[in-house]
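Undergrad: Below are the sequence and a predicted model for it; my questions follow.
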Amino acid sequence: MKRRIALATALLLVTGCGHTENSLLLLDKLPDVKSIHIHGNKAFSEGTLKGLMVLSEGQWWNPFKDHKYREAQLQTDIGAIKTYYLRHGYGRVDVPNYTVRETKNGKVAIDITVSEGEPFTVKEVDIRGVPPVLLSELEKNIGLKPGAPMDPYQMTADRGLIINSLADKGYWESKVVSGAQYFGNEAVVLHDVTLGHRDVLRHVSVSGNQRLNDHAVRREISTDEGEILERNELLKSQTRLLESGYFYDARWDTTALDTVAHQVNVDFNVRERPVHWVEGGVGLSSTSQLRLSGEWGTRNFFRTGTRFAINTRTDFDIASRVPGIIDEHRTDLIWNLRGLFGSSWEGQPNLFYRYDPQVSNPPELEPSFTQQFVGVGFNVRRKFGDLRNQLVFSLENQWVWNQADSAAEALDPQLARETYSQRLVSGWIERDTRNSFFDPTRGSYFYDLGQLGWGAVGGAGGFAKLDGSAIHIVRLPVRSIVMVGRIQGGYIWPTSNDTIVAGQVIDSRAELVPVQDRFILGGSTTVRGYEQDELNGVAPGDSIAGGGLSKLMANIELRAPLFWRLGLVGFLDMGNVWQNPSQLDPGDFVPHFDRNKVESDDVRYTYGLGLRFATPVGPVRVDYAWKWNFPNDPVGQPESRRSGWHVGIGQAF
């Protein structure tokens with residue numbers, strides 16, 4: 001008996017090994033696809049249909065893509081082609097035959113024949129069973145409209161949209177039956193709605209929370225018991241729970257629907273994140289900085305269900321841009337209070353320390369100065385819309401210490417103030433409709449800031465500031481190219497008419513504003529081709545302080561995919577900073593090819609190309625920019641660079 005078992009085991013092992021070896025050999029011997037041809041197509045080009053397929057012809061310039069032939073994948077690709085036709089109204093489409101033949105060099109050639117048929121168009125869309133006020137909203141939001149190609153998949157999606165839209169109004173019991181009737185080459189789409197009653201939230205329960213109490217979950221839920229239950233409020237509550245940072249996951253369940261009393265019970269089930277966290281990171285930028293960052297925090301500070309964090313960031317200068325090894329250091333202590341006083345506002349007390357050595361005219365090391373800041377503040381924030389939009393108000397008091405050499409003090413009288421305090425009152429609004437934070441392909445972003453600043457005893461250092469930015473992103477109908485545009489502007493009004501600051505007569509009204517509050521441009525995320533903060537409203541060699549009272553900047557990029565994870569970017573940047581905004585005139589926007597005609601107040605232009613490599617944390621960015629429309633260097637000054645590299649993570653804007 002033992003011999004039989006041993007013999008059977010040996011035969012099984014031999015058979016199994018042989019099968020595995022043959023499988024590997026078959027995998028290794030999969031032929032390459034030499035060519036794919038599609039016949040019978042008239043409505044769509046061969047390139048469009050081949051772009052729907054995973055199987056592809058081998059190309060020398062794309063060695064990373066798999067070009068092996070697989071029968072199962074071909075069947076899936078044919079299904080994708082048929083679905084594409086169906087979604088464009090070709091309900092009679094068929095692929096009657098296809099052939100796969102072996103070529104002389106061992107590769108395969110694929111021929112696919114398509115029978116398109118006549119397309120159907122939508123003659124009418126009829127939504128029945130809803131009141132007129134809801135009907136107009138539903139007709140506006142559905143995707144399938146009269147005159148469009150008959151798309152059965154979109155009809156099904158519209159049915160789900162109608163159900164969800166009615167649930168947004170509290171109609172949880174509604175039912176929708178959707179179908180289409182065909183008359184020749186036209187289709188009539190019918191959505192028959194049984195509306196039902198509006199349902200009331202009877203009870204909210206919380207589950208899954210172990211460390212945080214129910215209050216930490218309930219304060220994020222924006223609907224109350226006894227009110228009409230609207231689905232969009234549940235979605236908003238789910239988003240608030242996730243963006244609070246306390247939970248990995250948050251889901252709601254409304255299966256407890258009482259169709260007699262027309263009431264609903266809702267349970268929010270959450271999966272908590274760890275209470276404490278420690279994070280760190282290392283980075284390198286094109287401004288020759290090595291950045292170390294770290295953070296420690298807790299999501300249940302003193303068991304109150306609030307977050308507290310200490311984060312620190314240090315930039316080390318590895319290119320001798322500043323007089324010292326540290327280019328900048330900042331440490332923040334932040335306490336986040338959600339649901340401030342039971343409202344939908346968030347509060348955030350904070351304390352910070354900042355150390356910032358600088359040079360007045362990079363890359364020269366003289367004159368130089370160092371600023372140290374200690375600040376305390378309080379922010380209140382309210383999110384609105386889809387919770388990616390926010391309104392923020394901030395009150396901050398900071399103490400500033402300047403350590404400047406004699407040359408820096410003579411250049412900028414604000415640096416001769418060894419120590420002073422400053423108060424800032426700010427308000428800003430953000431609106432974000434981009435479809436991705438790291439690499440958006442459509443949407444917009446708007447930011448507007450208003451700020452008042454003054455010293456402890458008023459006088460020098462007082463100002464009012466406006467600063468705004470707008471970004472718009474569109475996908476062009478050409479090879480998935482994305483066009484992105486940005487415009488940014490700002491203006492500062494000094495509140496003092498003094499002519500003397502720290503015992504020195506000022507040369508420009510910009511010197512009435514503290515150094516850290518003036519406008520500057522230049523670098524990898526503003527005007528590329530220039531060094532970081534190089535555009536400061538001062539011509540090289542001028543003996544006045546840097547930084548301006550106004551700024552204007554615009555950028556445009558064309559982002560195109562190449563292959564694999566690589567993308568190509570072409571860009572044009574423009575902008576400048578002015579210490580005397582009244583001197584700005586339309587002639588300053590005209591570019592010149594002759595550098596002798598360019599003045600220091602003229603708008604600067606740069607252009608260039610870049611590569612993008614997609615990663616999970618955003619694209620790695622490498623740009624090379626050339627200057628255009630920049631003035632001659634002063635006599636005796638070193639020649640400024642005419643182009644430069646910029647490296648970073650994430651898109652430039």
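TA: Arrived safely, thanks for sending. Residues are numbered from 1 along each chain as shown.
Undergrad: where does the stretch 101-250 of the chain dip in pLDDT?
TA: Scanning the stretch 101-250 of the chain for pLDDT under 70 picks out no residues.
Undergrad: and the host helix or strand of G160, what does it pack onto?
TA: For G160, the enclosing helix or strand under DSSP states H and E is helix 152-168. For helix 152-168, the elements it packs on are helix 71-87, helix 132-141, strand 175-183, strand 186-194, helix 231-243, judged by 3 or more C-beta pairs under 8 Å, 6 or more residues apart in numbering; DSSP states H and E. Where C-beta positions appear, they are placed from N, C-alpha and C, glycine not excepted.
Undergrad: Tell me the strands beside the third one, with direction?
TA: In the sheet, strand 175-183 lines up against strand 186-194 (antiparallel) (DSSP bridges).
Undergrad: Now do the buried residues in the partner strand.
TA: Within strand 186-194, the residues that qualify as buried are A187, V188, V189, H191, V193, counting by 16 or more other C-beta atoms under 10 Å.
Undergrad: Pull out the buried positions in the next helix-or-strand element following it.
TA: Downstream of strand 186-194, the first helix or strand assigned by DSSP H and E is strand 200-207. Across strand 200-207, burial judged by 16+ other C-beta under 10 Å covers V200, L201, R202, V204, V206.
Undergrad: just to revisit the earlier point, could I get the helices and strands packed on helix 152-168 as CSV with distance to P440?
TA: Output for the helices and strands packed on helix 152-168, formatted as CSV (distance: least, C-beta to C-beta, whole Å):
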stretch, distance to P440
helix 71-87, 25
helix 132-141, 23
strand 175-183, 33
strand 186-194, 33
helix 231-243, 18
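Undergrad: Just tell me which of these ends up closest to W493.
TA: Judged by C-beta to C-beta, the one of those that comes nearest to W493 is helix 231-243, at 36.2 Å.
Undergrad: Please parse the protein into its domains.
TA: 1-28, 31-115, 121-194, 200-272, 358-649 (automatic domain parsing).
Undergrad: Mean pLDDT lowest where, among these?
TA: Least confident of the domains of the chain, judged by mean pLDDT, is domain 1-28 with a mean of 40.
Undergrad: hmm, back to that, any idea which of the helices and strands packed on helix 152-168 gets closest to V501?
TA: Using C-beta to C-beta, the helices and strands packed on helix 152-168 put helix 231-243 closest to V501, at 44.5 Å.
Undergrad: Remind me what that closest one packs against, helices and strands.
TA: helix 152-168, strand 247-258, strand 263-272.
Undergrad: Just name the most buried of those.
TA: Highest mean neighbour count of these: strand 263-272, a mean of 19 (counted as mean count of other C-beta atoms under 10 Å).
Undergrad: could you give the angle of that one to strand 200-207?
TA: Between the axes of strand 263-272 and strand 200-207, defined by axes from the mean of the first three to the mean of the last three C-alpha atoms, to 10 degrees, the angle is 20 degrees.
Undergrad: Which strands or helices does strand 263-272 pack on?
TA: So strand 263-272, by 3+ C-beta pairs under 8 Å, 6+ apart, packs with strand 200-207, helix 231-243, strand 247-258.
Undergrad: quick one, helices of the chain?
TA: For the chain, the helices defined by DSSP state H occupy 2-28, 46-50, 71-87, 132-141, 152-168, 214-218, 231-243, 406-411.
Undergrad: JSON lines for the helices and strands packed on strand 263-272, including distance to T48?
TA: Below are the helices and strands packed on strand 263-272 laid out as JSON lines (distance: least, C-beta to C-beta, whole Å):
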{"stretch": "strand 200-207", "distance to T48": "49"}
{"stretch": "helix 231-243", "distance to T48": "36"}
{"stretch": "strand 247-258", "distance to T48": "39"}
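Undergrad: does D192 really touch R128, like I thought?
TA: Yes - counting by C-beta atoms under 8 Å, D192 touches R128, with 5.3 Å between them.
Undergrad: Report the beta-bridge partners for R559.
TA: V482, V569.
Undergrad: Distance of it relative to F437?
TA: Using C-beta to C-beta, to the nearest Å, we find R559 at a distance of 16 Å from F437.
Undergrad: Hmm, I649 is touching P619, no?
TA: Yes - the pair I649 / P619 is scored as a contact, 7.5 Å apart, by C-beta under 8 Å.
Undergrad: Which one's more surrounded, these two?
TA: Set side by side, I649 and P619 show more neighbours around P619, with 22 against 15, by other C-beta atoms under 10 Å.
Undergrad: What backbone torsions are found at the more buried one?
TA: Main-chain dihedrals, P619, degrees, to the nearest 10: phi -70, psi 140.
Undergrad: so what's it closest to, chain neighbours aside?
TA: R612 (4.1 Å; C-beta to C-beta, 6 or more residues apart in numbering).
Undergrad: what about the one you found, neighbour count?
TA: Neighbours of R612 (other C-beta under 10 Å): 23.
Undergrad: residues in contact with it?
TA: Contact partners of R612, counting by C-beta atoms under 8 Å, 6 or more residues apart in numbering, are D439, R559, L566, G567, L568, V569, P619, V620, R621, V622, Q651.
Undergrad: The fourth one contacts L609, correct?
TA: It stands for G567. No - in this structure G567 lies outside contact range of L609 using C-beta under 8 Å: 11.4 Å.
Undergrad: And those two? Which one has more around it.
TA: G567 (20 against 13).
Undergrad: now that one, nearest residue through space, not along the chain?
TA: R612 (4.0 Å).
Undergrad: Report the beta-bridge partner residues of the one you found.
TA: Going by DSSP bridges, R612 forms beta bridges with G567, R621.
Undergrad: quick one: R642 and S600, what's the gap?
TA: R642 is 17 Å from S600, by C-beta to C-beta.
Undergrad: what does L135 give?
TA: Distance from L135 to S600, by C-beta to C-beta: 62 Å.
Undergrad: What of A261?
TA: In terms of C-beta to C-beta, A261 sits 76 Å off from S600.
Undergrad: And Y84, by the same measure?
TA: On the measure of C-beta to C-beta, Y84 and S600 end up 57 Å apart.
Undergrad: the more surrounded of those two?
TA: Y84 (17 against 14).
Undergrad: list the contacts for the more buried one?
TA: F44, L49, L52.
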